[in-house]
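Q: From the sequence below, what's the structure:
(chains A, B and C)
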Amino acid sequence: MMETKRRYVIPGDVITTGPFRPEQNVYQEGDRIISTSVGISEIFDNAVRVIPLTGIYMPKTNDLIIGKVIGHSSLSWEFDINSCFVGFLPAQDVFGRDYSPTKDELKERLDKGDLVAARVANFDRSRDPLLTVQDRDLGKIESGELIEISPSKVPRLIGKRGSMIQTIEMATKAMITIGQNGWIVVSSEDPDGLLKAIEAIRMVDAQAHMPNLTERVKSMLGVELGDNNDTINE
Amino acid sequence: MTQLMNENGIRCDGRRVDQLRNISIKVGVLKNADGSAYIEFGKNKILAGVFGPRDVHPKHMANQDSGILRCRYHMSPFSVTERKNPAPSRREIEISKVIKEALLPAVILKDFPRTVVDVFIEVLQADGGTRCAALDAASIALADAGIPMRDLVSACAAGKVADQIVLDINNEEDQEGQADMPIAYMPNLEKITLMQLDGILSPSEYKKCVQTGINGCKLVYEMQRKALMDKYFTNET
Amino acid sequence: MANSVILAQLKREQILELLKEGKRLDGRGLEDQRPLSIDVGVIPKANGSARVRLGDTEIVTGVKIQPDKPFPDLGDKGILICTAEILPLADPNAEPGPPSEEVIELARVVDRGIRETEMLDLHQLVLIENKSVIGIFIDSSVTDANGNLFDACSYASVAALLSCTVPKYEIQNEAPVLVEGVTSKPPVKTIPVSVTMARIGDHIIIDPSSDEEACMDARLTITTNTEGNICAIQKGGIDGFTLEQVIRCSEIALSVGTKIRKQLEKLM
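A: Numbers count the residues shown, from 1 in each chain, chains lettered A, B, ... in the order given. This next block holds a predicted model:
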């Protein structure tokens, strides 16, 4: 595996010069690759990106998100998805193809304030993001605690191949649904486990930029420490 | 009339010609704003808060192809010696416009069509050079809000006082000096994004003044950078 | 909205292509100004007036001179106030109502050019120190808005001032009284000339038309005086300038300014 070079950056910082591929949160100016965000830069496999530490959620097709119903028309629900755009869920997605605005009542399925796990079906900037609940584990969330973290820190909460979230779930026996939009639902039958899981999530949110985060979370949860190659070069 | 410079080249507030006033910057000082900063620049005390990207009201201002930037520079009634009428003056409206046009080259809003980023600046105490200090805070508040930016914007005035080109004009020097040239600069892209001048400069003084202002912007940049680093990357939690 | 954006984009590409060959849409060179015509005395009821046409942009400016109270702390100086307004008949997009930030900027930049060059010796306009002074009000109305309002308003204001006559006031019982039939020339010290430049791509052009303004990256207005000094600057637009570009702009403003000043000097 190639070494991942990491560094703390702010907007305008030149991350590198040369024949690299600019990816998220960077841009190319001549042969310089420059950060557009406060975050941690990564050069991996000739690609350069910055993992931001602040900023709003930008919907991407296929993202799993958690949304809150803010209203509906006769054809669709509108969702607060913690973004500058409002999410739309068409009535047909819930009722099926033979949905009829005269006989079906949207309110009976999803009402104002309801939380829903959904996927972004389409988002192309010319229109607001289109949502779907047509998949396993999607749909109305019946119970659990809603936690809000910075959307930019969601990748850290998930961890490499889900390592961080698995660690937390295993140690606390809690069920955690992570929306890419920074909204997270935690549920557990054990109140202690619930509180522990929430504490761990808050810890990741507050310390996402720090080295050895996995170890810190593990030690907070009382889990045995393992190897960690998660380092940051200043 | 105050003596603006003594025989040793020391200015009325004790500074050398190339010296900035004391500057302190704090990032993330407001809870409700998406990004914020507080700056003390000499005796200037200024808050900047950023909201957005968010829905545009009124709707007709929205742009289908890109987000828009709005800026409001406002002085508190108690910020100056004589009470200032709280209604926005023509001066404040003009400054809001030049600040917006100084920040526009830095922000990247194409990914946020139909939305607005609002920058609100409140001058709590004014002491000369408020537009530059306000810009310094606003630029940091935008970065704190996570608005994509090509570079930070750093601002500082230069000018002519007692026949000399000096850095960072204070209030007395602004009132009684010979020229005041506020400059904003993107330090990594080496671009001037705000430039104004009040006062008479020869062509050679003009060149020296721009260069002095740019040097000042670079000094301010180091402080902006440190303030952001302190908020995001210190290990105290 | 979307259509006008696409049009502006197409026009920008066309303008950029031409600029590479040193040409502009209307056939001008990069540092050529549109034809400038100045008529003075067009409003006899005003103490001074001018109609300026810069290309298709037209301005009418009037100067009114009357006794007034001095500003506090400035009791040893007469009053000078410049305003500017874009009339609703000048622009299909202009609306009556409170001035937009563009109009406020226009008025303040025109005012700054005349004030900061110290065009008039305001000390000569004092009747009784701290109590009574002569006020000079220069009001510009844009009657046809077709680009570069900054320079057009500035030339009209300067022309109206240069050609104005100052009525004589005498103090009787501590109050100013007009002396009929006696006037003097205004106390002019220097002639300010504003030169507005636009950057489109890497090219700097002077006196941008409205098409050029719609697609410019950034704008710089520099006012110079008769002595060859730089006295007022305003940057505008959505992008910036390099250090080399702002120095280059100052050189253009001085050389173009010299030519325009000759045209204005004839009015004295």
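Q: count of residues packed around residue A:41?
A: Around residue A:41 there are 22 other residues, counting by other Cβ atoms under 10 Å in any protein chain shown. Heads up, the C-betas are built off the backbone N, CA and C, glycines and all.
Q: A helix includes it, no?
A: No. Assessed by DSSP: H, G, I helix; E, B strand; the rest coil, residue A:41 does not belong to a helix; its assignment is strand.
Q: quick one: contacts for it?
A: By Cβ atoms under 8 Å, 6 or more residues apart in numbering or on different chains, residue A:41 lies in contact with A:5-9, A:13, A:15, A:26, A:35, A:48-51.
Q: Do a quick rundown of the helices in chain A.
A: A:91-95, A:106-109, A:154-158, A:163-172, A:191-207, A:213-221 (DSSP state H).
Q: hmm, back to that, just the buried members of the contacts of residue A:41?
A: Neighbour counting with 16 or more other Cβ atoms under 10 Å in any protein chain shown marks A:6-9, A:13, A:15, A:26, A:35, A:48-51 as buried within the contacts of residue A:41.
Q: Now do the contacts for the residue in chain A that chain C sits nearest to.
A: Nearest residue of chain A to chain C (Cβ to the nearest Cβ) works out as residue A:126 at 9.9 Å. Residues near residue A:126 by Cβ under 8 Å, 6+ apart: B:64, B:113.
Q: Check the offset of the helix or strand containing residue C:150 from the chain's centre.
A: Using DSSP states H and E, residue C:150 maps to helix C:149-162. The chain centroid and the centroid of helix C:149-162 are separated by 4 Å, computed with Cα atoms, centre = their mean, to the nearest Å.
Q: Alpha carbons of it, in CSV - could you do that?
A: Taking Å, rounded to 0.1, in the frame of the first residue of the first chain, the C-alpha atoms of helix C:149-162 are listed here in CSV:
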residue,chain,number,x,y,z
LEU,C,149,-20.9,56.0,-15.5
PHE,C,150,-18.1,56.7,-13.1
ASP,C,151,-16.0,58.6,-15.6
ALA,C,152,-19.0,60.2,-17.4
CYS,C,153,-20.4,61.6,-14.1
SER,C,154,-17.0,62.7,-13.0
TYR,C,155,-16.3,64.6,-16.3
ALA,C,156,-19.7,66.2,-16.1
SER,C,157,-19.3,67.3,-12.5
VAL,C,158,-15.8,68.7,-13.2
ALA,C,159,-17.0,70.5,-16.3
ALA,C,160,-20.0,72.0,-14.5
LEU,C,161,-17.7,73.2,-11.7
LEU,C,162,-15.1,74.6,-14.1
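Q: Return the helix or strand that that helix is followed by as CSV; C-alpha atoms alone will do.
A: Using DSSP H and E, the helix or strand that follows helix C:149-162 towards the C-terminus is strand C:166-172. Output in CSV follows, covering the C-alpha atoms of strand C:166-172 (Å, rounded to 0.1, in the frame of the first residue of the first chain):
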residue,chain,number,x,y,z
VAL,C,166,-19.9,81.9,-7.9
PRO,C,167,-22.5,84.6,-6.8
LYS,C,168,-21.2,87.1,-4.3
TYR,C,169,-22.6,87.2,-0.8
GLU,C,170,-22.1,90.0,1.7
ILE,C,171,-22.7,89.8,5.4
GLN,C,172,-25.4,92.1,6.8
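Q: now the helix or strand bottoming out on mean pLDDT in chain A, how far from the centre of its chain.
A: When each helix and strand of chain A is scored by mean pLDDT, DSSP states H and E, helix A:106-109 comes last, with a mean of 84. From the chain centre to the centre of helix A:106-109 is a distance of 27 Å (Cα atoms, centre = their mean).
Q: Tell me which other helices or strands that helix touches.
A: Using 3 or more Cβ pairs under 8 Å, 6 or more residues apart in numbering or on different chains; DSSP states H and E as the contact test, the elements touching helix A:106-109 are helix A:91-95.
Q: Counting neighbours, which bits of the helix it packs on end up buried?
A: Buried, per 16+ other Cβ under 10 Å, within helix A:91-95: A:91, A:93-95.
Q: ok, now stretch A:70-82?
A: Neighbour counts over stretch A:70-82 (16+ other Cβ under 10 Å) mark A:72, A:76-82 as buried.
Q: Redo these as a markdown table? Include pLDDT.
A: Shown next, in a markdown table, are the buried residues of stretch A:70-82 (pLDDT from 0 to 100):
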| residue | pLDDT |
| --- | --- |
| A:72 | 89 |
| A:76 | 91 |
| A:77 | 93 |
| A:78 | 94 |
| A:79 | 95 |
| A:80 | 94 |
| A:81 | 95 |
| A:82 | 93 |
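Q: can you tell me which of the residues you listed are in strands?
A: Using DSSP state E, the subset of the buried residues of stretch A:70-82 located in strands is A:72, A:76-80.
Q: Span of stretch B:169-184 from start to end?
A: Counting by Cα to Cα, to the nearest Å, you get 14 Å between the two ends of stretch B:169-184.
Q: That one and chain C, any residue contact?
A: Yes. For stretch B:169-184, a contact with chain C is found by Cβ under 8 Å from any Cβ of the partner chain, at residue B:181.
Q: Check which residues of the helix holding residue C:150 are buried.
A: The neighbour-count check on helix C:149-162 (16+ other Cβ under 10 Å) flags C:149-162 as buried.
Q: returning to what we had before: out of the buried ones among the contacts of residue A:41, which are inside strands?
A: Judged by DSSP E, the subset of the buried ones among the contacts of residue A:41 located in strands is A:6-9, A:15, A:26, A:35, A:48-51.
Q: Identify the bridge partners of residue C:68.
A: residue C:133 (DSSP bridges).
Q: Tell me who's in contact with the residue lying closest to residue B:91 once chain neighbours are set aside.
A: Using Cβ to Cβ, 6 or more residues apart in numbering or on different chains and skipping residues adjacent in sequence, the residue nearest residue B:91 is residue C:108, 7.5 Å away. Listed by Cβ under 8 Å, 6+ apart, the contact partners of residue C:108 are B:90-91, B:94.
Q: Show me which of these are buried.
A: Listed as buried from these are B:90, B:94; burial here means 16+ other Cβ under 10 Å.
Q: so can I have a markdown table of the contacts of residue C:108 showing pLDDT and secondary structure?
A: A markdown table is the format used below for the contacts of residue C:108 (pLDDT from 0 to 100; DSSP: H, G, I helix; E, B strand; the rest coil):
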| residue | pLDDT | secondary structure |
| --- | --- | --- |
| B:90 | 96 | helix |
| B:91 | 97 | helix |
| B:94 | 97 | helix |
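Q: Kindly indicate which of the contacts of residue C:108 lies nearest residue C:173.
A: Taking Cβ to Cβ as the measure, residue C:173 sits nearest to residue B:90 out of those, at 36.3 Å.
Q: how many other residues sit next to the nearest residue to the closest one once chain neighbours are set aside?
A: Nearest non-adjacent residue to residue B:90, counting by Cβ to Cβ, 6+ apart: residue C:104, 5.0 Å away. Burial of residue C:104 is recorded as 22 neighbouring residues (other Cβ under 10 Å).
Q: With distance to residue C:140 as extra columns, can I get the helices of chain A in JSON lines?
A: Listed next are these as JSON lines, based on distance: least, Cβ to Cβ, whole Å:
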{"stretch": "helix A:91-95", "distance to residue C:140": "59"}
{"stretch": "helix A:106-109", "distance to residue C:140": "59"}
{"stretch": "helix A:154-158", "distance to residue C:140": "56"}
{"stretch": "helix A:163-172", "distance to residue C:140": "65"}
{"stretch": "helix A:191-207", "distance to residue C:140": "57"}
{"stretch": "helix A:213-221", "distance to residue C:140": "63"}
